[in-house]
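**Q** here is a sequence together with a model predicted from it:
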Amino acid sequence: MSIRLQEVRKSFGPKPVLKGFTLEVRDGETLAIVGPSGSGKSVLLKHVAGLLRPDAGSVLVDTYSVPDLGRKELIQLRRRIGYVFQFAALFDSMTVAENVGMGLRRMPGWDAQRIAARVAECLALVDLNGLGDRYPAQLSGGQRKRAGLARAIAPSPKFLLYDEPTTGLDPVTTTVIDRLILRMSDELGVTGLVVTHDMTSAYRVADRITLLHDGRARFTGTPAEVRAAGDEVLRGFVEGDPDLYFGSGRD
């Protein structure tokens, strides 16, 4: 077991977002969580990274109970978790190389030479060779996403969390990002958790797909099982059919 969420509940004020969400992510797999915007997908990722604490339920990462970790233990765990933010979240005042290496500068035993070598290695992995001296404003949207991915893999994490990695990208650039997600799995052996509302992307990158609906895991299966499923809510989301998804045809 790599990641396990059991009966996780989370509300913001009077609004419940997660209503007993249960899911296990197997070691070495890439699992995609799909669902409409605002359904709580990013909230789930933040629970795994320890950025949010559940109101109830458990969140285990490598057998560690994330909500129960102290500050020092949580920092150590986060070094094993790479987080790819939805809009890259690069610092505009820093070069691409400085952005990618920022986490390494906080790690004991990493001098400037070692950091520079690792940054160059990570930029090569995401096909950004030679762009380390540029600033984020000088990059395209797809290049910024790839720089964010390079920063996430720099500390050699065991887990990669992707928050809507293809949002705002054209179809060709989306395919490039999807191929990089597959490369991270194949070449680095990381366990990946991808949240997205893009079914084409989910089919392409995921070993299994989970539909988050009404705060719970409605369906989990392989891409082939998702395509063959008879669940009307799942079919409604996959096919973009509101009559199926909402049942009555009204939100």
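**A** Received it, and whenever you're ready, just let me know what you need. Residues are numbered from 1 along each chain as shown.
**Q** remind me which residues of this protein are low pLDDT?
**A** 1, 248-251 (pLDDT under 70).
**Q** okay, the nearest residue to E24 once chain neighbours are set aside and A49: tell me how far apart.
**A** Nearest residue to E24 in three dimensions, chain neighbours excluded: R4, at 4.8 Å (CB to CB, 6 or more residues apart in numbering). Every C-beta, even on glycine, is put in place using the N, C-alpha and C of the backbone. Separation of R4 from A49 (CB to CB, to the nearest Å) stands at 15 Å.
**Q** quick one on the thing from earlier: what about the residue nearest to E24, distance to A116?
**A** Distance from R4 to A116, by CB to CB: 38 Å.
**Q** of the two, who's got more company?
**A** R4 (18 against 14; other CB atoms under 10 Å).
**Q** the more buried one against L60, yeah?
**A** Yes. Using CB atoms under 8 Å, R4 and L60 qualify as a contacting pair, with a distance of 4.5 Å.
**Q** tell me the secondary structure for M184?
**A** helix (DSSP: H, G, I helix; E, B strand; the rest coil).
**Q** just give the number of residues close to it.
**A** The burial count for M184: 24, using other CB under 10 Å.
**Q** what residues are up against it?
**A** Residues near M184 by CB atoms under 8 Å, 6 or more residues apart in numbering: L149, I153, L160, V190, G192.
**Q** D55 too?
**A** R9, K10, S11.
**Q** spit out the contact partners of the residue most central in space within the chain.
**A** Computing the C-alpha centroid of the chain and ranking residues by CA atoms, centre = their mean puts Y162 first, at 1.8 Å. For Y162, the contacting residues are V84, I181, G192, L193, V194, V195, T196, by CB under 8 Å, 6+ apart.
**Q** so it, which state does it fall into?
**A** Y162 - assigned by three-state DSSP - is strand.
**Q** so it versus A124, what's the distance?
**A** 20 Å.
**Q** cool, and D68?
**A** 39 Å.
**Q** please apply the same query to V195.
**A** 27 Å.
**Q** more crowded one of the two?
**A** Neighbour totals were compared for V195 and A124, and V195 leads with 25 against 12 (other CB under 10 Å).
**Q** in whichever strand or helix holds A150, what counts as buried?
**A** Using DSSP states H and E, A150 sits in helix 141-153. Of the residues in helix 141-153, those buried by neighbour count under the rule 16 or more other CB atoms under 10 Å are G142, Q143, R144, K145, R146, A147, G148, L149, A150, R151, A152, I153.
**Q** just the helices in the stretch 51-200 of the chain please.
**A** Using DSSP state H, counting those that start in this stretch, the helices of the stretch 51-200 of the chain run over residues 71-78, 96-101, 112-125, 141-153, 171-188, 199-205.
**Q** for the contacts of M184, which one is nearest T167?
**A** Checking the contacts of M184 against T167 with CB to CB, the nearest one is L149 at 13.9 Å.
**Q** look up how far C122 lies from the closest one.
**A** 8 Å.
**Q** with Y203 instead?
**A** Taking CB to CB, one finds Y203 at 27 Å from C122.
**Q** quick one: which of the two has more around it?
**A** The neighbour count for Y203 versus C122, taken as other CB under 10 Å, is higher for C122 (25 against 18).
**Q** next up, the contacts around that one.
**A** V100, A150, R151, I153, A154.
**Q** how far away is it from R208?
**A** Distance, C122 to R208, using CB to CB: 27 Å.
**Q** and if you look at E187?
**A** 20 Å.
**Q** also T174?
**A** 20 Å.
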